[in-house]
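Engineer: okay, sequence plus prediction incoming.
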Amino acid sequence: MALVDITVPDIGDFDEVSVIELLVKPGDTIQADQSLLTVESDKASMEIPSSAAGVVKELKVRLGDKVKQGSVVLVLETAGAAAAPAAAPVSEQKTAPAPATAESAAIKSVANAAPAASGSVEVRVPDIGDFKDVAVIEVLVKVGDTVKVEQSLLTVESDKASMEIPSSAAGVVRELKVKLGDKINIGDLLVVLEGASGSAPAVGSPAAAPAAAAPAAATLASPPVERTAPTAALPAHEPAVPTGQLPHASPSVRKFARELGVLLNEVKGSGPKGRITLDDVQGFTRSVMAGDVRTLAQAAKAPAAGASGGGLDLLPWPKVDFAKFGPVERKDRSRIKKISGANLHRNWVMIPHVTSYDDADITELEAFRVSSNKENEKSGVKITMLAFVIKAAVAALKKFPDFNASLDGEQLVYKQYFHIGFAADTPNGLVVPVLRDVDKKGILQISQEMGELAKKARDGKLSPGEMQGGCFSISSLGGLGTTYFTPLINAPEVAILGLSKSSMKPVWDGKAFVPRLTLPLSLSYDHRVIDGASGARFTTYLASVLADFRRVLL
């Protein structure tokens with residue numbers, strides 16, 4: 001047995017490239033030419049093969065590492081004599097031409113920006129290594145576009161690598177000479193630029209080699225390595241088990257997907273031959289966030305299809321033929337309930353809720369509200385207790401800013417504005433209109449705007465903008481009658497206040513029991529952001545403000 005260092009072979013005119021996928025792990029038995037990892041430059045992605053067969057003893061690279069020719073990627077235990085030097089171009093093993101050097105690339109690319117006519121330049125395919133008849137899978141410019149030197153013109157793909165072909169000159173695209181699906185080779189005419197400048201340097205200049213010239217990935221790549229989406233415990237894009245070939249996507253789309261944590265295996269491409277575009281990645285992300293689709297990691301955790309336990313490893317939902325037991329009627333849920341139901345489900349599952357309960361003495365405040373309504377009877381604006389609670393809530397948010405924050409990854413976003421959402425009951429379901437800049441408004445204005453928004457909600461005329469941007473929500477069930485309940489947090493907010501039916505209670509004042517009007521408060525908060533002590537302080541302070549509204553002025 002012998003230990004052999006497997007190094008990065010000649011990858012063409014590239015200095016350092018990033019490791020974006022690890023395809024093997026210690027203990028794996030691999031064959032010669034089997035792909036070990038995927039690397040990517042700004043313009044191309046490729047797989048790095050093994051130059052020998054054996055058992056992986058140690059990985060020398062991690063996701064995100066930079067490697068270049070000669071870098072050790074792993075230590076292999078081989079059965080016989082040491083393998084051929086790994087740094088030697090794999091092309092020697094396959095009798096294919098060795099990848100072009102920077103100097104030869106410069107010579108080959110001299111025709112890359114040849115004059116076509118007065119004021120115009122022909123841009124041709126530069127040296128793309130040991131590739132023949134690569135397919136055009138994306139055309140990134142159109143006639144009339146202004147392009148810069150090194151701007152990508154199109155994306156091509158072989159069996160093993162995809163790359164973007166840059167322009168060697170700047171100018172306006174006068175004519176496109178290729179279309180989707182065309183096969184191209186070194187020297188083929190791509191576009192004709194008008195008023196072109198900044199073309200490729202003269203022959204012999206090292207800089208003449210196109211910066212994005214792709215390596216001889218055909219000589220590097222091995223038979224496709226199967227991949228699947230990782231398990232939930234692994235980083236996004238570090239495959240746990242093999243499945244299928246590398247999804248069709250350009251390097252820029254791959255980079256964008258990695259930044260979002262999206263596995264391209266899960267995205268359905270809308271481009272030619274199933275090519276994944278930027279719009280496909282964005283659409284997939286929106287669908288996951290809305291709960292419309294599940295990722296493969298989520299699906300892997302769920303029970304078999306047709307017997308779902310909600311993706312939480314629960315027992316399957318019972319399938320019952322209700323008609324066996326008596327007459328039934330089926331009705332579709334309203335659109336609002338479908339949307340809100342999915343959001344509430346996500347919020348309950350993903351946010352660790354804690355609910356604190358307290359009572360607020362609103363005896364004096366209710367008397368003031370009644371007298372104020374009599375005085376303002378002609379205005380047509382009816383002041384509700386909810387308007388006072390909304391104003392009091394702003395005072396509490398100012399005192400306890402964690403409640404006016406949102407969790408964004410590992411950071412808290414503290415809002416310097418105070419937009420309060422209030423739950424409105426409508427014939428079609430619950431909606432949450434948002435009152436903006438409540439800290440700058442008086443009780444009368446809050447009551448008036450709240451009445452207008454509630455009417456629009458009942459009439460189904462609320463715009464999306466009138467239900468967005470909330471910092472804190474209040475759900476009032478006082479008019480319906482209940483004592484306490486657990487309101488569900490409206491993500492991305494971190495807390496919500498529930499109000500129940502006020503009632504007269506005997507309260508000990510130190511000498512005797514006296515009747516006091518009390519309002520039950522139910523505060524749910526995100527325990528990742530707010531601890532129990534802060535939750536108790538918030539409700540205590542809110543109750544004290546409602547008991548003596550002069551505290552709002554402090």
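Structural biologist: Yes, it's here.
Engineer: and stretch 144-158, what's buried?
Structural biologist: By neighbour count on 16 or more other Cβ atoms under 10 Å, the buried set for stretch 144-158 is 147, 149-150, 152-158. To be clear about C-beta, it is placed using only N, CA and C from the backbone, and glycine gets the same treatment.
Engineer: let me fix that, I meant to ask about stretch 9-18.
Structural biologist: Residues of stretch 9-18 classed as buried: 9-14, 17-18 (neighbour count, 16+ other Cβ under 10 Å).
Engineer: tell me where the model's unsure across the stretch 201-350 of the chain.
Structural biologist: Scanning the stretch 201-350 of the chain for pLDDT under 70 picks out the ranges 201-246, 251, 272-273, 291-313.
Engineer: can you rerun that using 80?
Structural biologist: Where the stretch 201-350 of the chain drops to pLDDT under 80, the residues are 201-255, 258-261, 271-275, 288-314, 335, 339.
Engineer: now the strands for it?
Structural biologist: Using DSSP state E, counting those that start in this stretch, no strands are found in the stretch 201-350 of the chain.
Engineer: can you lay out the buried residues of stretch 9-18 as a markdown table showing pLDDT and distance to residue 482?
Structural biologist: Below are the buried residues of stretch 9-18 laid out as a markdown table (pLDDT from 0 to 100; distance: Cβ to Cβ, whole Å):
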| residue | pLDDT | distance to residue 482 |
| --- | --- | --- |
| 9 | 88 | 71 |
| 10 | 80 | 74 |
| 11 | 76 | 68 |
| 12 | 70 | 71 |
| 13 | 66 | 72 |
| 14 | 71 | 67 |
| 17 | 86 | 62 |
| 18 | 85 | 57 |
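Engineer: any chance of these in a markdown table, with distance to residue 395 too?
Structural biologist: Formatted as a markdown table, these follow (distance: Cβ to Cβ, whole Å):
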| residue | distance to residue 395 |
| --- | --- |
| 9 | 67 |
| 10 | 69 |
| 11 | 63 |
| 12 | 65 |
| 13 | 65 |
| 14 | 60 |
| 17 | 56 |
| 18 | 51 |
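Engineer: which two from the residues you listed end up farthest apart in space?
Structural biologist: 10 and 18 (18.0 Å; Cβ to Cβ).
Engineer: quick one, phi psi at residue 66?
Structural biologist: Backbone torsions for residue 66, taken as degrees, to the nearest 10, come to phi -100, psi 130.
Engineer: which residues touch it?
Structural biologist: 16-19 (Cβ atoms under 8 Å, 6 or more residues apart in numbering).
Engineer: inside helices: which ones of those?
Structural biologist: If you go by DSSP state H, the contacts of residue 66 have nothing in helices.
Engineer: so what does residue 543 look like in phi/psi?
Structural biologist: Dihedral angles for residue 543 - degrees, to the nearest 10 - are phi -60, psi -40.
Engineer: biggest strand in the protein by residues?
Structural biologist: strand 513-526 (DSSP state E).
Engineer: just checking: what are the partner strands of it?
Structural biologist: strand 353-361 (antiparallel), strand 495-499 (antiparallel), strand 503-508 (antiparallel) (DSSP bridges).
Engineer: how about the residue nearest to residue 151 when sequence neighbours are not counted, what does it touch?
Structural biologist: Of all residues not flanking residue 151 in the chain, residue 167 sits nearest, at 5.3 Å (Cβ to Cβ, 6 or more residues apart in numbering). Contacts were defined as Cβ under 8 Å, 6+ apart; by that measure residue 167 touches 123, 147-153, 191, 193.
Engineer: now the residues you listed as JSON lines including distance to residue 69, secondary structure and pLDDT?
Structural biologist: As requested, the contacts of residue 167 are exported to JSON lines (distance: Cβ to Cβ, whole Å; DSSP: H, G, I helix; E, B strand; the rest coil; pLDDT from 0 to 100):
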{"residue": "123", "distance to residue 69": "29", "secondary structure": "strand", "pLDDT": "92"}
{"residue": "147", "distance to residue 69": "31", "secondary structure": "strand", "pLDDT": "90"}
{"residue": "148", "distance to residue 69": "29", "secondary structure": "coil", "pLDDT": "89"}
{"residue": "149", "distance to residue 69": "26", "secondary structure": "coil", "pLDDT": "86"}
{"residue": "150", "distance to residue 69": "23", "secondary structure": "coil", "pLDDT": "82"}
{"residue": "151", "distance to residue 69": "27", "secondary structure": "coil", "pLDDT": "87"}
{"residue": "152", "distance to residue 69": "24", "secondary structure": "strand", "pLDDT": "85"}
{"residue": "153", "distance to residue 69": "27", "secondary structure": "strand", "pLDDT": "91"}
{"residue": "191", "distance to residue 69": "32", "secondary structure": "strand", "pLDDT": "93"}
{"residue": "193", "distance to residue 69": "34", "secondary structure": "strand", "pLDDT": "92"}
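Engineer: residues contacting the residue nearest in space to the middle of the chain?
Structural biologist: Compute the mean C-alpha point of the chain, and by Cα atoms, centre = their mean the closest residue is residue 260, 4.3 Å away. Contacts for residue 260 (Cβ under 8 Å, 6+ apart) come out as 281, 285.
Engineer: recalculate using a threshold of 10 Å.
Structural biologist: By Cβ atoms under 10 Å, 6 or more residues apart in numbering, the contact set of residue 260 is 236, 281-282, 284-285, 288.
Engineer: over to residue 471?
Structural biologist: 393-394, 397, 403-406, 415-421, 434, 436, 438, 492-495.
Engineer: now the buried members of those.
Structural biologist: Among those, those classed as buried by 16+ other Cβ under 10 Å are 393-394, 397, 403-406, 415, 418-421, 434, 436, 438, 493-495.
Engineer: which among the contacts of residue 260 count as buried?
Structural biologist: So, by 16+ other Cβ under 10 Å, the buried ones in the contacts of residue 260 are 236, 281, 284-285, 288.
Engineer: if I look at residue 151, how far off is residue 134?
Structural biologist: As judged by Cβ to Cβ, to the nearest Å, residue 151 and residue 134 stand 19 Å apart.
Engineer: and stretch 33-45, C-alpha only, in PDB?
Structural biologist: Output of stretch 33-45 as PDB, limited to C-alpha atoms (Å, rounded to 0.1, in the frame of the first residue of the first chain):
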ATOM      1  CA  ASP A  33     -10.400   9.700 -13.600                       C
ATOM      2  CA  GLN A  34     -13.300   9.800 -11.100                       C
ATOM      3  CA  SER A  35     -14.300  13.400 -10.300                       C
ATOM      4  CA  LEU A  36     -13.200  14.600  -6.800                       C
ATOM      5  CA  LEU A  37     -14.400  18.100  -6.700                       C
ATOM      6  CA  THR A  38     -15.900  20.900  -8.700                       C
ATOM      7  CA  VAL A  39     -14.100  24.200  -9.100                       C
ATOM      8  CA  GLU A  40     -15.300  27.500 -10.600                       C
ATOM      9  CA  SER A  41     -13.800  30.700 -11.800                       C
ATOM     10  CA  ASP A  42     -15.700  33.800 -12.600                       C
ATOM     11  CA  LYS A  43     -16.400  32.400 -16.100                       C
ATOM     12  CA  ALA A  44     -16.200  28.600 -16.000                       C
ATOM     13  CA  SER A  45     -16.900  25.600 -13.800                       C
END
